[in-house]
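[1] Could you look at this predicted model? Sequence included:
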Amino acid sequence: MVIVLEIFSNEVLMQIFEYFDAYHLFKAFFNLNSRFNQLIKDHRLRLKLNSKYIRDNDMINPQMWHTMVHHLTAVTLINDKHIRIFMSVCKLCV
């Protein structure tokens, strides 16, 4: 059986998205299509970020990070490089 996420309403998708780690959600759905972009950019979406799952070479998409920062309610950064990159993105958002 094939399940297509696009059959769900926006409200259901938003609830599903909140179970994802912010990084994985953005990695999977950011710039996928216009509907998912609209959902990801929705101001009601609240996410948590734990950088232990992020590989260093994945930390370079500033547009993705800039959008993600506005949805975070909790952040766990595990190394200096992640902290520096996250803080530099936060400075750009102010």
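    Right, received. Where do you want to start?
[2] Cross-check the contact I'm expecting between residue 64 and residue 28.
    No. The criterion here is CB atoms under 8 Å, and residue 64 misses it with residue 28 at 11.2 Å. Using the backbone N, CA and C atoms, a C-beta is placed for each residue, glycine as well.
[3] Compare these two (neighbour count), which wins?
    Set side by side, residue 64 and residue 28 show more neighbours around residue 64, with 19 against 12, by other CB atoms under 10 Å.
[4] For the more buried one, pull up the helix or strand it's in.
    helix 62-69 (DSSP states H and E).
[5] which residues are in contact with that helix?
    22-23, 26-27, 30, 40-41, 47, 49, 59, 85-86, 89-90, 92-93 (CB atoms under 8 Å, 6 or more residues apart in numbering).
[6] Where strands are concerned, which of those count?
    47, 49 (DSSP state E).
[7] Pick the one among the contacts of helix 62-69 closest to residue 7.
    Comparing these against residue 7 with CB to CB picks out residue 40 as the nearest, at 18.2 Å.
[8] Now, the contacts of helix 62-69 that are in helices?
    In helices, judged by DSSP state H, the following of the contacts of helix 62-69 are found: 22-23, 26-27, 40, 85-86, 89-90, 92-93.
[9] How much space separates residue 82 from residue 21?
    According to CB to CB, to the nearest Å, residue 82 and residue 21 sit 13 Å apart.
[10] let me fix that: residue 44
    Residue 44 is 18 Å from residue 21, by CB to CB.
[11] Which of those two has more residues huddled nearby?
    Neighbour totals were compared for residue 44 and residue 21, and residue 21 leads with 17 against 9 (other CB under 10 Å).
[12] can you tell me which residues contact the more buried one?
    If you count contacts by CB under 8 Å, 6+ apart, then residue 21 has 47-50, 53 around it.
[13] By neighbours, which of the residues you listed wins?
    Ranking the contacts of residue 21 using other CB under 10 Å puts residue 49 first, with 24 neighbours.
[14] beta partners for that residue?
    Note on residue 49: beta-bridge partners residue 75, judged by DSSP bridges.
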